[in-house]
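Enquirer: model the structure of this input:
(one chain, ligands or ions: 1)
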Amino acid sequence: MDACLSALDLACRRGDRVLFRGVSFALESGKALHVTGPNGCGKSSLIRILAGLLRPFAGSVERAGAAALVDGRLAFDEHLPLGRALAFWERLDGGSADLEALGLADLIDVPVRYLSTGQRKRAALARLTGQGAPIWLLDEPLNGLDAAGAALVEAMVAEHLGAGGVAVIASHQPFALASGRTFHLPDHAA
Ligand SMILES: Nc1ncnc2c1ncn2[C@@H]1O[C@H](COP(=O)(O)OP(=O)(O)OP(=O)(O)O)[C@@H](O)[C@H]1O
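Expert: Predicted coordinates:
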């Protein structure tokens, strides 16, 4: 898998506040960036800019390869059983996830709206796996997960990087990355 993601001199404005300026980085295949910083400094906004969902105030983003986003929003039909909700995306994405490994195998008949916080996160990770996108944009991917779930996400990211993907992870929590670095987004809003 070949992938590349770069940000050049990015600035982000929300309302009348500039949250950050001068953010630049380049990630080649196999590399990851862990974005940290205080509440409200703009981590989620940066992820959304990288995903193409939010226009930067200045600067530009270059992506080589499709991007997949995991954030707090679960793009599943809440009324469908999990298995059918996942099948909907599998038909569009062309790939599927190992539900046993994700701890979801026993939940396929449970309506999405009944899933717990951690189970919803695991479901989002199942969709991510099925997408087969080389660029992963993960906004607080460990939120709601138990220790085993957190270790699973770290292993998934390591495998993804090993296969030549790239990843940007916004997280308050420590995130084990063999092939990546941490980028601290300071609280510049004024
Ligand atoms: N649509 C919007 N209009 C104006 N301000 C916004 C909008 N969306 C977000 N903000 C503000 O932008 C700031 C940064 O939000 P963002 O969610 O990117 O921060 P964050 O670093 O991810 O925070 P946290 O660590 O709490 O998740 C916050 O002060 C937030 O209130």
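Enquirer: check which helix or strand covers the most centrally placed residue in the chain.
Expert: Closest to where the C-alpha atoms of the chain average out (CA atoms, centre = their mean) is L138, at 1.6 Å. Using DSSP states H and E, L138 maps to strand 135-139.
Enquirer: could you dump stretch 127-141 to CSV, C-alpha only?
Expert: The C-alpha trace of stretch 127-141 is given here as CSV (Å, rounded to 0.1, in the frame of the first residue of the first chain):
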residue,chain,number,x,y,z
ARG,A,127,-15.8,-0.2,9.4
LEU,A,128,-12.3,1.4,9.2
THR,A,129,-10.7,-2.0,8.6
GLY,A,130,-13.2,-2.8,5.8
GLN,A,131,-12.5,0.5,4.0
GLY,A,132,-9.0,-0.5,3.2
ALA,A,133,-8.0,3.2,3.0
PRO,A,134,-4.2,3.8,3.2
ILE,A,135,-4.6,7.0,5.2
TRP,A,136,-6.2,6.7,8.7
LEU,A,137,-7.4,9.7,10.5
LEU,A,138,-8.3,8.8,14.1
ASP,A,139,-9.8,11.3,16.5
GLU,A,140,-9.6,10.0,20.0
PRO,A,141,-9.7,6.3,18.9
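Enquirer: can you pull out the helices in this structure?
Expert: 43-51, 82-93, 117-131, 147-162 (DSSP state H).
Enquirer: circling back to that earlier point, and the strand holding L138, which strands flank it?
Expert: strand 67-70 (parallel), strand 166-170 (parallel) (DSSP bridges).
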